[in-house]
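Enquirer: Quick one: sequence plus predicted model below, questions after.
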Amino acid sequence: MTDKIRVLFVCTANAARSQIAEALLRYTNSERFEVFSAGTQPKSVHPRTYEVLKHLSIDTSDLRSKSLDEFEGEQFDYVITLCDKAAQECQTLPGAGERLAWNFEDPVTSEKPDAFRHTLHEIHERIKMFVLVKTRS
């Protein structure tokens, strides 16, 4: 049994946002958090997801796209959705403790230059705040 806080990040494709969040939280505080990600309709991890994480020297070797079905029957302290679509689809997810809905633009479909880097930065800022609040003694 682990004393770590179990977190599941969910977005639609599990190709960018949830992968970035999983890697960033693991990188930020793997001592206190056990982190996973999944998609409601998983596709493969987008190549630019690996690129932006490697730019921060974050290990991406464990990243792979996963379906929510893979976590059936598991318990999580937090299920954090990263898009409105996933938030709607995960309202009745069994095993979810507290649900948090964070909405970030999908960098895969964004027209903005540097969309992946922008998404990485936004998610990183949110994760740093999450860690600060959830690890206060």
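Expert: Alright, I've got the coordinates.
Enquirer: In the chain, mark out all the helices, start to finish.
Expert: In the chain, the helices defined using DSSP state H lie at 17-29, 47-55, 84-89, 115-134.
Enquirer: quick one: which of those helices is nearest residue 69?
Expert: helix 84-89 (12.7 Å; CB to CB). (Each C-beta comes from the backbone N, C-alpha and C, glycine too.)
Enquirer: coming back round to it: turn the helices of the chain into CSV, columns for mean neighbour count, mean pLDDT and distance to residue 62.
Expert: Shown next, in CSV, are the helices of the chain (neighbours: other CB atoms under 10 Å; pLDDT from 0 to 100; distance: least, CB to CB, whole Å):
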stretch, mean neighbour count, mean pLDDT, distance to residue 62
helix 17-29, 25, 96, 8
helix 47-55, 17, 95, 11
helix 84-89, 17, 78, 21
helix 115-134, 17, 96, 17
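Enquirer: which stretch among those comes nearest residue 78?
Expert: helix 115-134 (8.0 Å).
Enquirer: list the helices and strands that closest one packs on?
Expert: helix 17-29, helix 47-55 (3 or more CB pairs under 8 Å, 6 or more residues apart in numbering; DSSP states H and E).
Enquirer: Now do residue 63: how many residues are near it, please.
Expert: The number of residues packed near residue 63 is 20, by other CB atoms under 10 Å.
Enquirer: Test my guess that it contacts residue 24.
Expert: No - using CB atoms under 8 Å as the test, residue 63 is too far from residue 24 to be in contact (11.4 Å).
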